[in-house]
Every structure is written in C-alpha cells, then in structure tokens.
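A.B. asks: could you look at this predicted model? Sequence included:
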Amino acid sequence: MARAGTERKIRGVEQEYPVTAKASFSPSLLVNAAIQGLKRRRFSREIAWDLQMEVSQELHESKISSSFGENGSRIYNDMGHLEIATPSYNTPFDAVAYDKAADLYAFLAAREASIALKKSVTVHKNNVANFFTSGDRSVRKGQERRIRTNTYATHGNIITTRAACKEWRMVERALIPWVVTRILFTGSGDVVSGELVGAEGVKFVISPRAMFVVQPSSLSTTAMRGILNTRDQPHAAKHYWRLHDIHYEALRSEYALFLRDISHALVIRAFESGFLADAPELEDPVGAFKHLAQDTQDCTWRICLKNGERTDAVAILRYYVEAIERLREAAGEDWSSWDDLGLNALDALVNDLDARHLERYVDGLDWVTKLALLVNYDPKGPAEGMSICNQFALLDESTLSYLPDEHIGPTSASECLYNPSESLAFARARLPAVDWAALPERVVHAAAHAPEQTRDYFKTELLKRYGTRVRAASWSTILLDRAKIALDEPFMLCKEEIGAAMEQSTTLEELLAAAHELYPRNVSL
C-alpha cells in the first residue's frame, strides 16, 4: 500500500478515566467492576500481557491485568483509573473515531459497573480531580476548607526514527516550544487549586497538566514530570523511537482532536527532516508553560526567549507553521491530502489566535468552550466552578450519539454540558473537506475493529478467531502455543497484506503459513 506524508506515521492515545460512585467503593474496585462489565458485554477479552518488550517497565507491568478490546485497544486498571489505550492508527479521522470509541467503552463500562454494584457509577474524561480537605489538624471549625488538585494523564504516542532522537538536546530544542505553545488549541481547560498559583479558591487554566510540570525532560510520568518524556520503548523494531507525549489532554471536541493529531504528526515529520533545528529556545520552559496556561483573561501569552527577546506564543506557533510549509515544498509526492488539510487548518487557527478571536472557537476548542460556560453560568464559589467543569467532562448517554438507536439501550436526559451535536457542527463548518457524515459509521466500526491499515488488524482478527491459542500478546508481539510473531513493523500484516488469507484460512496453521510467507523473519513456526 502506498502511503504518503503523515499516513506513514503510526500513533495512538492512552486515556485515564476516573470512575467514581457516591457509595464508599475503592477506586480499584470500581475500575475492576467496569472492566468486568466490558468483558460481559464482549467488548474485550483477557489476554496475558507479554512483558518481554516492556524494557524498564517489567515490574510495573507485571502487576497489571490487561484485557484487549475488540478494536485492538488495551484496557486495564492503572492505579485506580480505567485506562484505555487506543490501537495504532495513521490518519486524523481515525484519531477522532478511536478516541470516541474509547469514550464509548468507558461509558458502557461504568454503566455495567452500576448494574453489578447496584449503585450509580459515573466516569469522566478529564485530567484533574479537585477536592476539599480541612488540611492539617490545626484548622479550626468554621475555617474555609482547602482545595487540593490531583492530576492524571492523557498520553499521546507517535513512532519516529531513533536517529532523529539520538541527541536529546536537539529533541528538546525542536519540540519543547511546540508542546508549550500548542496548548492554545490542545488545552482541555479546567479549574485547579489556587494553591498551585498562589491564589484563593480555584483558578481556571488553559492546561491543567501544565501546572504539574517541574523540568524540561523526565523518565517518570507521575513524579518530577518533564515537558518531554524520555521513555525508550519503541514497541517496534529498534530503529524506531516512540515519542511518548505525556502532555496530551482529555479532549472532547472533534475539531480539537483532529487538529491535535494531524498538526503533531506534521511537526514530527518536520523534526525528522531537519526543519526544526533552529526552533526558538525558551528562557524558562517550565515557567513559560505554567504562565501561559494561566493567561486566560488578558491573553497576552508573552514568552521570553533565551536570546533575551520577548515574543508571544502565537509567534512560536507560526514558526512551526512555516517549518511545515518548508517541509511541504521539499516533500514532493510524499505529501498527502490529510497533510494539506492539516496545514491549512493550523494556519487558519494561528491567524485567529493572533487576532485573539477566541469567541470563534466555542464548541471547537475545549478550554475556550469551558471558559464560555463558566462565564455564562457565573459560579458563586469554587464548588460551582468545579462542578461546571466536571459536567463538561461527564460521559453519559450523550456518548452514545454516534450509535444507531438499536445499539443504545435505555437512555435518560443528558446531564453533560458537552454538546456533541454542536461540537460536530463546529467541525463540519471549520473542516468542510472532511467527510464528517461518515464519522458515526466509522465510530461504530472503531468500537469493534482495529484500523485496517496497521499491524493491529492482524492481531485483533487473530485474537477473535483463535484467541484460545494465544498465550500472551503486546503491542508488538503475539505468543501462541506453537508460534511467535514479532510485529515490529507498524504496518506489517495490515488488511491489504493478509486480509484475503485471514478470510480464506480455515485453520490457524494456514493463516500462520501465509504470514510466514510474507515475513519469514517475524513469524516463527
């Protein structure tokens, strides 16, 4: 299959969903009940996780019980959160479809947990939990309770080349300014404890994740977080490097999901091709990240550069647009229609951000939409502000809006402040070249099938047909009772390569023989 431009970049997202109930259940019990519910509904199956490819993470991974979604996602309990890692895809349209499929899984999991536990169980899609605490014991009765904020993650992943990441200082130079400034359109927006910014009550910020960063780069994703993550787990052949981006955020808008995916893929292509070697260096990346995240009122978005100059975040975003334009000129035929669409959309957005036309992005950018809701509802205190943001993040029956009526089951009036119809209407208006009318059908497909273009097609179809003979699996391996398959090339054994054999084979041995013929080095019989 001929692939051009960003269609050659394989990517995926890991989303942590908090599962809660008013009853006094432990978070892990709730998550486990949710996962069991997905298994009962046959949306997932339990398969042992192959630890051989989890370099440096073996101990952590050995404590996790994983299940595989029918679409190739990995579903598990990660420290009391329901984590759903999408299968690998290679287009921004599938980035939206598989994100919405993950939300669907999360909602149905919570509904099944409610049935099993006989208590109302809810699930949200956000990155922070705010709660009241009385603080230390010296706090007197009647004094105002303190607000604390915990954070959990949305991680993005994209496979690039190991050669491009050989000198990490060059990775930092090229990508730190991008990760810092892209929050103007990828920020999920939320309220966080005023203690994080030296204020009372709560503070609305563009990016809640930015408030928990302490250094430019880190290996850890939970403590001493960096802007970039140095984890070396390619989940593929050793000449690849998987950039593990711990500063994706929990988004709901189709427009924002689409633009985040395609713009990041384009930036990584520009990075690989050497077009970001002269990226502007920030004087204080961590401070700039936090300061920018808090600037929701004046929107000056000022940033100091290492050379002493002062600029704004939009000027840095424009640098990346111009780098992608240079990439397009050099790419020739190695440029796809998705790339054109993404570059044009990013350029138009940057122009609007430059003019501070934020009012044009209600229902399109999550943080702008949440800010508009806060202004409209005018909360009278921290608790009301926290509630408004939580109601936007709530996954309720409206999550099922993509499904045909016969698949929905019992529904009730939506309590969620996220409006899927208005969000989709925004995407249609801003990205008219995308066939948004086909999205519902693609989401339904994405809930039951892996992307046809990637290696996950073979893995998921094999599991469906011959799951009882699979001993363990991971992103890049399948261990069978009498064979081992190394899926170390991201697009190997896609539907175009192995689909006919998959349908025609009557036994596992016939299928493995066909795979071995295509990849004798990777399929050990």
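C.D. replies: That came through, no problem. Residues are numbered from 1 along each chain as shown.
A.B. asks: for the helix or strand hosting residue 35, name the packing helices and strands.
C.D. replies: Per DSSP states H and E, residue 35 falls inside helix 27-40. Under the contact criterion of 3 or more C-beta pairs under 8 Å, 6 or more residues apart in numbering; DSSP states H and E, helix 27-40 touches strand 19-21, strand 44-46, strand 66-69, strand 74-78, strand 81-85, helix 92-117, strand 121-123. From N, CA and C alone the C-beta is placed, and that goes for glycine too.
A.B. asks: rounded mean pLDDT for that helix, please.
C.D. replies: Across helix 27-40, pLDDT averages out at 95.
A.B. asks: could you give the angle of it to helix 92-117?
C.D. replies: For helix 27-40 against helix 92-117, the angle by axes from the mean of the first three to the mean of the last three C-alpha atoms, to 10 degrees is 110 degrees.
A.B. asks: re earlier: so which of the helices and strands packed on helix 27-40 gets nearest residue 300?
C.D. replies: For those, the distance to residue 300 is smallest for helix 92-117, at 30.6 Å, taking C-beta to C-beta.
A.B. asks: thinking again about what came up before, quick one: buried residues of the helix holding residue 35?
C.D. replies: Within helix 27-40, the residues scored as buried using 16 or more other C-beta atoms under 10 Å are 27, 30, 31, 32, 33, 34, 35, 36, 37, 38.
A.B. asks: swap in stretch 73-87?
C.D. replies: Applying 16+ other C-beta under 10 Å to stretch 73-87 flags 73-78, 80-87 as buried.
A.B. asks: and that stretch, how far apart are its ends?
C.D. replies: With C-alpha to C-alpha, to the nearest Å applied, stretch 73-87 spans 5 Å between its terminal residues.
A.B. asks: measure how far that stretch is from the centre of its chain, please.
C.D. replies: 12 Å (C-alpha atoms, centre = their mean, to the nearest Å).
A.B. asks: likewise for stretch 477-490?
C.D. replies: Mean C-alpha position of stretch 477-490 versus that of the full chain (C-alpha atoms, centre = their mean) differs by 26 Å.
A.B. asks: for stretch 9-18, same thing?
C.D. replies: In terms of C-alpha atoms, centre = their mean, the centre of stretch 9-18 is set 4 Å apart from its chain centre.
A.B. asks: would you map out the domains in this structure?
C.D. replies: 5-135+143-448, 456-524 (automatic domain parsing).
A.B. asks: so how far does the last one reach from one end to the other?
C.D. replies: This points to domain 456-524. Domain 456-524 has its terminal residues 18 Å apart, counting by C-alpha to C-alpha.
A.B. asks: same question for stretch 156-169.
C.D. replies: End to end - C-alpha to C-alpha - stretch 156-169 spans 21 Å.
A.B. asks: how many neighbours does the spatially closest residue to residue 451 that is not a sequence neighbour have?
C.D. replies: Spatially, and ignoring its direct neighbours in sequence, residue 451 is nearest to residue 89 (4.5 Å; C-beta to C-beta, 6 or more residues apart in numbering). Other residues lying near residue 89 total 27 when counted by other C-beta atoms under 10 Å.
A.B. asks: do the same with residue 443
C.D. replies: Residues near residue 443, counting by other C-beta under 10 Å, number 20.
A.B. asks: got it, and the one 4 residues further on?
C.D. replies: Other residues near residue 447 come to 23 when the count uses other C-beta under 10 Å.
A.B. asks: what separates the closest residue to it other than its chain neighbours from residue 517, distance-wise?
C.D. replies: Among residues not flanking residue 447 along the chain, residue 101 sits closest, at 4.5 Å (C-beta to C-beta, 6+ apart). Counting by C-beta to C-beta, to the nearest Å, the gap from residue 101 to residue 517 is 32 Å.
A.B. asks: who has more neighbours out of these two?
C.D. replies: Comparing residue 101 with residue 517 by other C-beta under 10 Å, the one with more neighbours is residue 101, at 28 against 10.
A.B. asks: contacts only, for the more buried one.
C.D. replies: Residues in contact with residue 101, defined by C-beta atoms under 8 Å, 6 or more residues apart in numbering, are 71, 73, 86, 443, 446, 447.
A.B. asks: could you do residue 305 as well?
C.D. replies: 280, 281, 282, 283, 311 are the contacts of residue 305 under C-beta under 8 Å, 6+ apart.
A.B. asks: drop anything exposed from the residues you listed.
C.D. replies: 280, 282, 311.
A.B. asks: give the pairing partners of whichever strand or helix holds the last one; include direction for each.
C.D. replies: Secondary-structure element containing residue 311, defined by DSSP H and E: strand 310-312. Partners of strand 310-312 in the sheet, by DSSP bridges, are strand 302-304 (antiparallel).
A.B. asks: in the strand it pairs with, what's buried?
C.D. replies: Quick answer for strand 302-304 (16+ other C-beta under 10 Å): residue 303.
A.B. asks: thinking again about what came up before, the strand holding residue 311: how far from the chain's middle?
C.D. replies: That offset, for strand 310-312, works out to 29 Å (C-alpha atoms, centre = their mean).
A.B. asks: which residues touch the following helix or strand past that strand?
C.D. replies: Later in the chain than strand 310-312, the nearest helix or strand by DSSP H and E is helix 313-331. The contact list for helix 313-331 (C-beta under 8 Å, 6+ apart) reads 5, 177-178, 180-182, 184, 263, 266-267, 269-270, 273, 275-276, 279-280, 292, 301, 303, 335, 339-340, 343, 346-347, 350, 353-354.
A.B. asks: do the same with stretch 425-438
C.D. replies: By C-beta under 8 Å, 6+ apart, stretch 425-438 touches 93, 253, 254, 255, 258, 341, 345, 348, 363, 364, 424.
A.B. asks: what's the first-to-last distance across that stretch?
C.D. replies: End-to-end distance of stretch 425-438 (C-alpha to C-alpha): 14 Å.
A.B. asks: follow-up on the earlier one: between strand 74-78 and the helix holding residue 35, find me the angle.
C.D. replies: Our comparison of helix 27-40 with strand 74-78, counting by the same axes, to 10 degrees, yields an angle of 160 degrees.
A.B. asks: only C-alpha atoms, please: export helix 27-40 in CSV.
C.D. replies: C-alpha atoms of helix 27-40 as CSV (Å, rounded to 0.1, in the frame of the first residue of the first chain):
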residue,chain,number,x,y,z
PRO,A,27,-11.3,3.3,43.1
SER,A,28,-9.7,-0.1,42.1
LEU,A,29,-12.9,-2.0,42.9
LEU,A,30,-14.9,0.4,40.7
VAL,A,31,-12.4,0.1,37.8
ASN,A,32,-12.3,-3.6,38.0
ALA,A,33,-16.1,-3.8,38.0
ALA,A,34,-16.1,-1.6,34.9
ILE,A,35,-13.6,-3.8,33.1
GLN,A,36,-15.5,-6.9,34.0
GLY,A,37,-18.6,-5.3,32.6
LEU,A,38,-16.9,-4.8,29.2
LYS,A,39,-15.9,-8.4,29.2
ARG,A,40,-19.5,-9.4,29.9
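A.B. asks: before I go, just wanted to say thanks for your time.
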